[in-house]
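1. kindly return the folded structure for what I paste below:
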Amino acid sequence: MTVKEVVSKTGTRNDLKKQLNKLDRFTRRGAEKLTKNAHGVNIMEWEKKEKAILLRSVHNVQNREYKALASRDQMSRGRSDGFSTEQMGSRRLKELKPTKDRTETVRSRTEFEKFVAGMEKKLSGKEAIADEINYRENFYKAIDNKLGSRGENLKKILDQIDIETIIDIYYIDSEGNIDFVYDEIDITMKLEILEDLWGSVLDGSYNGNIVDYEEFDS
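-> Below is the predicted model:
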């Protein structure tokens, strides 16, 4: 690890402490010892231990978010379906399954380093920011593709709603996404449902509880 890398990962006093502890662990006897995984990739003992610490932190975040979401009601236009998101098999819950340890399955150093960098990204919040940007763009593309010019008012409503809330509603409300629409009647009905749903979110009358997930990154 270079000085530049340490500086780039140091934003707060706590970040600095973590980096110094990481470097201290690297100086311990045997830390540089190399072992080969199942595919012959050399990995230092220090790297294995740092990866284990990262993976444990990622799992803690995933578990906290999973528990918070699993007990929430699955909604339909702001009304409970009578089942929890866990009972309904929420897509978000599937995404929150513990990240698998890929140390023994990577086939190159580059693959191992990408695995570690991916976990660091999850903990830093950068992955969430990238997902949010992509989500809004993809959501608007779906509106254009499915609803055409008639979806412009819906996009104006969504422009006034923060992306965290949009993503949250998408995961807990079955009517919050853009489904396939096949004919004129479907388009009209879906547009009415979406404008009603997102309009209620905007004016505060939506009945479902909206969670701020920033707490899970701390």
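2. can you give me the mean pLDDT across the top helix by length along the chain?
-> In the chain, assigned by DSSP state H, the helix with the most residues is helix 45-70. Across helix 45-70, the average pLDDT comes to 90.
3. continuing past that helix, what's the next helix or strand?
-> strand 73-76 (DSSP states H and E).
4. mind checking the pLDDT average for that following strand?
-> pLDDT averaged over strand 73-76 gives 80.
5. what's that strand packed up against?
-> Judged by 3 or more CB pairs under 8 Å, 6 or more residues apart in numbering; DSSP states H and E, the packing partners of strand 73-76 are strand 79-84, helix 163-172. Glycine gets a C-beta too; all of them are placed from N, C-alpha and C.
6. contacts made by whichever helix or strand comes after the last one with the rest, please.
-> Towards the C-terminus, the helix or strand next in line after helix 163-172, according to DSSP H and E, is helix 184-203. With contact meaning CB atoms under 8 Å, 6 or more residues apart in numbering, helix 184-203 is reached by 77-78, 146-147, 150-151, 153-154, 157-158, 160-161, 165, 169, 173, 175-176, 178-179, 181, 206-207, 210.
7. kindly calculate the angle that helix 184-203 makes with helix 163-172.
-> Going by axes from the mean of the first three to the mean of the last three CA atoms, to 10 degrees, helix 184-203 is angled at 130 degrees with respect to helix 163-172.
8. for the longest helix of the chain, which helices and strands make contact with it?
-> Helix 45-70 packs on helix 13-26, strand 34-36, helix 91-95, helix 109-124, going by 3+ CB pairs under 8 Å, 6+ apart.
9. only alpha carbons, please: show the longest one as PDB.
-> Once side chains and other backbone atoms are set aside, the C-alpha atoms of helix 109-124 remain, and they are given as PDB (Å, rounded to 0.1, in the frame of the first residue of the first chain):
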ATOM      1  CA  ARG A 109      -4.800 -11.500  -8.800                       C
ATOM      2  CA  THR A 110      -6.800  -9.000 -10.700                       C
ATOM      3  CA  GLU A 111     -10.000 -10.900  -9.900                       C
ATOM      4  CA  PHE A 112      -9.100 -11.000  -6.200                       C
ATOM      5  CA  GLU A 113      -8.300  -7.300  -6.100                       C
ATOM      6  CA  LYS A 114     -11.700  -6.500  -7.800                       C
ATOM      7  CA  PHE A 115     -13.400  -8.600  -5.200                       C
ATOM      8  CA  VAL A 116     -11.800  -6.700  -2.300                       C
ATOM      9  CA  ALA A 117     -12.400  -3.400  -4.100                       C
ATOM     10  CA  GLY A 118     -16.000  -4.200  -4.500                       C
ATOM     11  CA  MET A 119     -16.500  -4.800  -0.700                       C
ATOM     12  CA  GLU A 120     -14.700  -1.500   0.000                       C
ATOM     13  CA  LYS A 121     -17.000   0.200  -2.400                       C
ATOM     14  CA  LYS A 122     -20.100  -1.300  -0.600                       C
ATOM     15  CA  LEU A 123     -18.900   0.100   2.700                       C
ATOM     16  CA  SER A 124     -17.900   3.500   1.400                       C
END
